[in-house]
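[1] Got a sequence here, can you build the structure:
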Amino acid sequence: MRKKILSLILSCSFILSLLQIKTLYAKQADSEFATAVAQIRSAYEGMEDFAATVVQDNIISGRQVKVSGRTYYKKPYKFRAEVQVSGMGQDGVKNLAVFDGELFWQQQSSLDDKILNVMKSEIDKYSLQGKEILEQFSPKDYFESIMNRYNIESLNQAEEGGTSLYILDMRLKKEISDNMEQMAKISKANTSRQMIPYQMLFYWDKENGYCRKMEVFNGEKALISSVEYRDAKVNSNLKDNLFSYQVPKGANVMDMTAIMNRERKKQESEGIEHDRVGSKCPQFSLVDLDGKIYDAEQLKGKIVIINFWATWCEFCLKELPLIENIFLNFQKDNDVQILTITQGKKDKIMDFVEEHGFVFPVLVDGQGEISYRFGVDSVPRVFVINKYGRIAAVYLGYHADIEEVLIQDIERLR
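    Below is the predicted model:
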């Protein structure tokens, strides 16, 4: 009996030792990750400008698209890229992209330099969408966006061309990959699942302080995108005139900001023009976070607003307070019901809702079946249902004045 007890104690001690060793290695790895990331962030903080030859290969719908040329960046957000694009059935075109700090210019030309089109866009630096666009220009901000989406799995060091490299092996965060998989399932597009960027290898030039290469792989370990920076120069005192653009004589300029504003106003004022308008509201029966059941048939006779959203969607987070205002406004109105539908694990959704103080009903669409019935392949999205159980309006994407628009719809449908 004593031998058995002694053996059990030894076994427990051995297991405990293994756990301690594993914990020690994990702490050591975390420390190495933190050191590498700190060095990268420090280098980006000191990066005033950057110039390099860029070579990028992407796999889109099973076809290879190649981008090659020269790219320039100057702090905080000036950018220029002169590249040639080939693939997707095209022999090749020349693309020039310039952001001068206020306007984003895009010029497309044939290989013999014939101007095909010129477009300009305004970028609102203070809007959520503007910030997302600008982070693509800034190497520092782009690295931070990667760190927000990926976890470091391992860190390796290597020598390449006489230069020391950090190689960060990263995996897409589970919450993000789960939502991407759900969206792919809803859209029923097999190719979209193959394009989910589960893994990224980030190659950092330790001596010269810039990203040498990035490689992205899908769930089958197949390479779907790679970008390499060659002949790079950091802090070479790039001149401001490099980031200016002159419209070629005789070229017509498409004002994309004006076009988008017209489309946005059309969506907001003519939500009743959507192709699902007039059709019967899809049947659903879902339970909210408090256990209350909401059934489409039982809601007939009410004007129903349904907002589809996701915890990971930044535009949803911007729109949800407006939906909250509408809910509070009509909370005691027996003719109106405000609902929201999202996907994910109930505990994470509850934490999200509590963190932001939302009190509107949140229905959990566990498998995404209801989202599929409504044809929701992107969020945020809002459906307005009339008293007869038919779709009266649909609004796609974020709208700053969605509160005012929906109140007008409610009064119109009374």
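[2] give the contact list for the most centrally placed residue in the chain.
    By CA atoms, centre = their mean, the mean C-alpha position of the chain lies nearest to residue 313, the distance being 7.5 Å. For residue 313, the contact set (CB atoms under 8 Å, 6 or more residues apart in numbering) comprises 379-380. The way it works is simple: take the backbone N, C-alpha and C, and place the C-beta from them, glycine included.
[3] Check the gap between it and residue 368 for me.
    For residue 313, the distance to residue 368 under the criterion CB to CB, to the nearest Å works out to 14 Å.
[4] Equivalent analysis for residue 324, please.
    When distance is defined by CB to CB, residue 324 is 24 Å away from residue 368.
[5] what do you get for residue 228?
    Looking at residue 228 against residue 368, where the rule is CB to CB, the gap reads 37 Å.
[6] for the stretch 151-300 of the chain, what are the low-confidence residue spans?
    183, 185-192, 260-275 (pLDDT under 70).
[7] all strands for it, in order.
    Listed in chain order, the strands found in the stretch 151-300 of the chain under DSSP state E, counting those that start in this stretch are 163-172, 199-205, 210-217, 223-234, 253-255, 285-287, 293-295.
[8] Then the stretch 301-414 of the chain?
    303-308, 336-342, 362-364, 381-385, 391-396.
[9] can you redo those as JSON lines with distance to residue 122?
    Rendered in JSON lines, the data for the strands of the stretch 301-414 of the chain read as follows (distance: least, CB to CB, whole Å):
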{"stretch": "strand 303-308", "distance to residue 122": "28"}
{"stretch": "strand 336-342", "distance to residue 122": "32"}
{"stretch": "strand 362-364", "distance to residue 122": "36"}
{"stretch": "strand 381-385", "distance to residue 122": "26"}
{"stretch": "strand 391-396", "distance to residue 122": "22"}
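[10] what about those, which gets the closest to residue 247?
    Of all those, the one in closest proximity to residue 247, counting by CB to CB, is strand 391-396 (32.3 Å).
[11] Parallel or antiparallel, list what pairs with that closest one.
    Each strand that pairs with strand 391-396, with its direction, by DSSP bridges: strand 381-385 (antiparallel).
[12] can I get the strands of the stretch 151-300 of the chain in JSON lines with distance to residue 351 and mean neighbour count?
    Formatted as JSON lines, the strands of the stretch 151-300 of the chain follow (distance: least, CB to CB, whole Å; neighbours: other CB atoms under 10 Å):
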{"stretch": "strand 163-172", "distance to residue 351": "21", "mean neighbour count": "18"}
{"stretch": "strand 199-205", "distance to residue 351": "27", "mean neighbour count": "20"}
{"stretch": "strand 210-217", "distance to residue 351": "30", "mean neighbour count": "20"}
{"stretch": "strand 223-234", "distance to residue 351": "32", "mean neighbour count": "16"}
{"stretch": "strand 253-255", "distance to residue 351": "43", "mean neighbour count": "13"}
{"stretch": "strand 285-287", "distance to residue 351": "18", "mean neighbour count": "15"}
{"stretch": "strand 293-295", "distance to residue 351": "22", "mean neighbour count": "13"}
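[13] So for stretch 203-214, first residue to last residue, what's the gap.
    Between the start and the finish of stretch 203-214 there is a gap of 6 Å, counting by CA to CA, to the nearest Å.
[14] How about stretch 241-253?
    Distances were taken as CA to CA; on that basis the terminal residues of stretch 241-253 are 21 Å apart.
[15] quick thing: my sequence starts at 38, can you match it?
    In the new numbering, first residue 38, that becomes stretch 278-290.
[16] buried ones in it?
    Applying a neighbour-count criterion of 16 or more other CB atoms under 10 Å, one finds 280, 282 buried in stretch 278-290.
[17] starting at the chain centroid, how far to that stretch?
    In terms of CA atoms, centre = their mean, to the nearest Å, the gap separating the centre of stretch 278-290 from the centre of its chain is 31 Å.
[18] Stretch 272-288 too?
    Chain-centre distance of stretch 272-288: 30 Å, with CA atoms, centre = their mean.
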